[in-house]
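Student: Provided below are the primary sequence and the corresponding predicted coordinates.
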Amino acid sequence: RGRRAPIPALRVAGFASAGPPAPFAAMASAALAVLTAAHWAFSLALVLVGLLASWLRSGRRVERSFGFFHPFTSDGGGGERVLWCAVREVQSLDPTVETVVYTGDDLSGVELARRAADRFGVVLPRPIAVVRLTTRDFTRPERYPAFTMLGQAFGSAVCTAEALSLYRPDVFFDTTGHAFGYPLARLAGCRVAAYVHYPAVSTDMIRRVRVRAEAFNNDARVARSALKSTAKLVYYNLFAMAYGLCGKCTSVAVCNSSWTQKHVRALWGGNPPVVFPPCDVDALLTAPTARPKSESKYVLSVGQFRPEKDHAMQLRAWAAMKRHVAGADGKKSFSEGEEAREPPEKKKGKKEEKKNDPALNASLLVVGGCRGAADVNRLASLRSLAKALNVEDSVEFHVDVPFDKLRELLAGATAGLHTMVDEHFGICVVEYMAAGAIPVAHKSAGPAMDIVVPAFANDETFLNDHELNESGSEAVGFLASTEAEYAACMLRALRMDDAARDAAATRTRA
């Protein structure tokens with residue numbers, strides 16, 4: 001009595017073995033494993049970044065130097081003109097700055113300077129140095145039939161790493177839009193400047209995938225599948241996040257249009273200024289706005305035979321216009337029902353008017369360049385399409401024409417045709433306007449926001465009268481987005497009387 005009874009051994013053993021429930025223990029173990037893996041992954045990433053930074057900074061950094069990153073310096077497009085104008089301005093502003101061009105072309109600095117002068121009329125104040133790249137093919141989109149954007153991002157990082165390992169400038173100036181190399185340039189100790197022509201991914205691209213709209217970069221097989229569209233939407237959003245982080249590595253960024261600025265602002269942050277690309281229109285401004293009298297007018301299309309230029313849309317719209325003019329589509333006043341109810345004298349007058357319609361004998365001239373076998377095959381397909389649409393007699397294809405010939409064609413064109421969706425700026429549209437041709441451009445991006453402003457009203461209907469000559473006194477051209485709209489706009493441009501057309505052409509130069 002008075003002594004505590006011993007605790008049974010069974011109870012002691014049970015107390016010692018008590019612990020958290022089995023599911024909780026499993027979750028805790030899994031969380032600990034994940035945290036451990038994350039710790040080691042983060043540590044490994046830091047080590048790799050450190051090693052990469054050490055390798056990139058192993059070479060001597062050249063003070064007061066600009067390295068212009070432009071792997072393809074012989075494409076002949078607006079981006080190359082931007083490159084040489086930027087080099088010229090940097091050399092003119094500070095004669096002591098050393099200028100280097102990173103390129104994969106097998107050309108010397110003297111040869112590149114000569115090309116800049118001959119092709120673009122840009123004369124460099126002093127010689128440039130060249131750093132030759134061997135990895136630029138990694139940036140070609142055709143290398144990546146699937147996950148093209150991701151492949152090009154990887155390729156641009158590889159190419160940038162090679163460039164920086166060969167020459168480490170004070171300022172790394174990208175004029176091509178390869179943003180995934182910017183973090184490497186910052187790791188190498190460079191300041192990064194970028195002239196952005198076109199965002200690698202845009203909110204418009206993401207929207208098209210979300211609404212499952214077919215486009216040249218959203219295949220019909222993907223657009224028709226909810227599962228594939230969802231997966232692609234996730235891919236695009238993740239890519240956009242990574243692209244935005246890379247863009248934040250720039251010290252200075254400028255955009256070539258209001259459209260590009262809108263998307264860069266949304267993805268990169270900040271408020272980059274707009275600097276329109278240089279357009280060499282002096283030679284075109286000498287052409288008279290009045291067109292020479294001839295039996296047939298023509299509409300001119302200028303652009304490389306690339307898929308995004310959508311030349312097929314041009315041919316289909318042209319065929320629709322031709323069918324309407326010939327009275328073969330039965331629309332509006334050319335319908336058989338309306339014509340049958342009209343008195344004979346009125347039908348006779350309409351036939352005479354149709355005979356004198358300038359659109360009846362008009363031609364479409366398609367001028368472009370082929371970069372390789374893919375473009376050559378695409379051109380062959382376009383020729384076949386013109387034949388299938390029964391417009392081969394009114395469509396001409398001109399390939400790789402010299403500038404003097406192009407200037408001659410521009411000076412005689414009644415209208416200039418452009419069908420690319422989301423063209424970041426649209427230098428060809430500016431050239432149309434400078435030469436006095438009425439632009440018929442896509443209702444999106446650069447042409448709609450910066451160039452064809454204001455535009456004539458458009459409602460997809462064919463006009464058989466000349467109401468255009470009494471309205472739209474401030475308009476400088478047409479904007480369209482569907483085949484019907486393009487057909488109507490080309491018809492209206494061809495049917496404008498000389499006074500109205502000359503007045504609109506004069507406004508385009510203002």
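Tutor: The structure has been received and is ready for your questions.

Student: use CA for all of it now, contacts and neighbours both
Tutor: Fine.

Student: Do a quick rundown of the strands in the chain.
Tutor: Secondary structure of the chain, counting by DSSP state E: strands at 61-69, 98-103, 129-132, 168-174, 191-196, 252-255, 298-302, 363-368, 395-399, 415-417, 438-442, 478-480.

Student: which outside residues touch the second one?
Tutor: Right, the one you point to is strand 98-103. If you take Cα atoms under 8 Å, 6 or more residues apart in numbering as the criterion, strand 98-103 is touched by 64-73, 87, 91, 128-133, 163.

Student: Just the buried residues of these.
Tutor: Among the contacts of strand 98-103, those classed as buried by 16 or more other Cα atoms under 10 Å are 65-73, 87, 91, 128, 130-133, 163.

Student: What's the mean pLDDT across stretch 306-325?
Tutor: Per-residue pLDDT over stretch 306-325 has a mean of 92.

Student: got it, and stretch 95-110?
Tutor: Rounded mean pLDDT across stretch 95-110 is 93.

Student: Could you find the closest non-adjacent residue to L267?
Tutor: G244 (4.8 Å; Cα to Cα, 6 or more residues apart in numbering).

Student: quick one: that neighbour from C190, how far?
Tutor: 19 Å (Cα to Cα, to the nearest Å).

Student: Between these two, tell me which one has more neighbours.
Tutor: C190 (25 against 22; other Cα atoms under 10 Å).

Student: thinking that one is in contact with Y167, fair?
Tutor: No. In terms of Cα atoms under 8 Å, C190 does not count as a neighbour of Y167; the distance is 10.9 Å.

Student: was I right about A129 contacting G109?
Tutor: Yes. If you go by Cα under 8 Å, A129 and G109 touch, sitting 5.5 Å apart.

Student: How much space separates the closest residue to N271 other than its chain neighbours from T175?
Tutor: Of all residues not flanking N271 in the chain, R265 sits nearest, at 5.8 Å (Cα to Cα, 6+ apart). Separation of R265 from T175 (Cα to Cα) stands at 18 Å.

Student: So between the two, which is more surrounded?
Tutor: Comparing R265 with T175 by other Cα under 10 Å, the one with more neighbours is T175, at 21 against 16.

Student: Could you pull up the contacting residues of that one?
Tutor: T175 touches 68-70, 79, 82-83, 194-197, counting by Cα under 8 Å, 6+ apart.

Student: which among the residues you listed gets closest to T36?
Tutor: A194 (39.2 Å; Cα to Cα).

Student: list the contacts for that closest one?
Tutor: So A194 contacts 173-175, 177, 250, 252-254 (Cα under 8 Å, 6+ apart).

Student: With Q152 instead?
Tutor: Here Q152 is in contact with 138-141, 144 (Cα under 8 Å, 6+ apart).

Student: In ChimeraX, how would I select the buried members of the residues you listed?
Tutor: To isolate the buried ones among those in ChimeraX, judged by 16+ other Cα under 10 Å, type:
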select :138,139,141
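
Student: Kindly reformat the contacts of Q152 as TSV containing distance to A37 and pLDDT.
Tutor: TSV is the format used below for the contacts of Q152 (distance: Cα to Cα, whole Å; pLDDT from 0 to 100):
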residue	distance to A37	pLDDT
F138	32	92
T139	33	92
R140	36	88
P141	35	85
Y144	32	89
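
Student: From the contacts of Q152, pick the one nearest P272.
Tutor: T139 (25.3 Å).

Student: Just to check, R61 is in contact with D170?
Tutor: Yes. Counting by Cα under 8 Å, R61 does reach D170; the two are 6.9 Å apart.

Student: Mind checking which of those two has more residues around it?
Tutor: Neighbour tally, R61 and D170, criterion other Cα under 10 Å: the higher count belongs to D170, 21 against 17.

Student: quick one: the more buried one from A253, how far?
Tutor: The value you get for D170 to A253, if Cα to Cα is used, is 16 Å.

Student: same question, F239
Tutor: F239 is 20 Å from A253, by Cα to Cα.

Student: for the stretch 51-200 of the chain, what spans make up the helices?
Tutor: Ranges of helices in the stretch 51-200 of the chain, per DSSP state H, counting those that start in this stretch, are 78-93, 109-120, 148-166, 182-187.

Student: which of these sits most buried?
Tutor: Comparing these by mean neighbour count (mean count of other Cα atoms under 10 Å), helix 182-187 ranks first with a mean of 23.

Student: ok now do G151, which residues does it touch?
Tutor: Neighbours of G151 in contact, by Cα under 8 Å, 6+ apart: 138-139, 141, 143-144.

Student: mind running it again at 10 Å?
Tutor: G151 makes contacts with 138-145, as judged by Cα atoms under 10 Å, 6 or more residues apart in numbering.

Student: Same question for P439.
Tutor: 299-301, 414-418, 428-433, 447, 451-452, 455, 476-479, 489-490, 493, 505, 508.

Student: Quick check: bridge partners of it?
Tutor: G416 (DSSP bridges).

Student: Repeat that for F172.
Tutor: Bridge pairing for F172 - DSSP bridges - gives G67, V192.

Student: That one against Y182, yeah?
Tutor: Yes. Using Cα atoms under 10 Å, F172 is in contact with Y182, at 8.6 Å.

Student: Overlap of the contact sets of these two?
Tutor: By Cα under 10 Å, 6+ apart, the residues touching both F172 and Y182 are 160, 188, 190-194, 250.

Student: want to throw those into CSV with distance to R323?
Tutor: Shown next, in CSV, are the shared contacts of F172 and Y182 (distance: Cα to Cα, whole Å):
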residue, distance to R323
T160, 52
A188, 61
C190, 59
R191, 58
V192, 54
A193, 51
A194, 47
T250, 52
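
Student: Put together JSON lines for these, with pLDDT and distance to R407 on each row.
Tutor: Shown next, in JSON lines, are the shared contacts of F172 and Y182 (pLDDT from 0 to 100; distance: Cα to Cα, whole Å):
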{"residue": "T160", "pLDDT": "94", "distance to R407": "37"}
{"residue": "A188", "pLDDT": "91", "distance to R407": "45"}
{"residue": "C190", "pLDDT": "93", "distance to R407": "42"}
{"residue": "R191", "pLDDT": "95", "distance to R407": "40"}
{"residue": "V192", "pLDDT": "96", "distance to R407": "37"}
{"residue": "A193", "pLDDT": "96", "distance to R407": "34"}
{"residue": "A194", "pLDDT": "96", "distance to R407": "31"}
{"residue": "T250", "pLDDT": "95", "distance to R407": "38"}
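
Student: Farthest pair within those residues?
Tutor: A188 and A194 (16.3 Å).

Student: Where does the prediction get shaky in the chain?
Tutor: 1-22, 39-60, 75-76, 216, 292-295, 328-356, 458-473, 510 (pLDDT under 70).

Student: switch the cut-off to 50
Tutor: Filtered on pLDDT under 50, the chain yields the residue ranges 9-16, 332-342, 346-349, 460-472.

Student: thought V399 was touching S301?
Tutor: No. Here V399 lies out of contact with S301, judged by Cα under 10 Å, at a distance of 11.6 Å.

Student: Which one's more surrounded, the two?
Tutor: Higher neighbour count among V399 and S301: S301, with 27 against 15, using other Cα under 10 Å.

Student: Give me the distance between M420 and I427.
Tutor: M420 is 12 Å from I427, by Cα to Cα.

Student: what do those two both touch?
Tutor: Contacts common to M420 and I427, judged by Cα under 10 Å, 6+ apart, are 303, 447.

Student: between F239 and A253, which one's more packed in?
Tutor: A253 (23 against 17).

Student: would you turn the strands of the chain into TSV with distance to T289?
Tutor: Listed next are the strands of the chain as TSV, based on distance: least, Cα to Cα, whole Å:
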stretch	distance to T289
strand 61-69	39
strand 98-103	40
strand 129-132	43
strand 168-174	38
strand 191-196	33
strand 252-255	31
strand 298-302	15
strand 363-368	19
strand 395-399	23
strand 415-417	12
strand 438-442	10
strand 478-480	17
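
Student: and R208, which of those is closest to it?
Tutor: strand 438-442 (16.7 Å).
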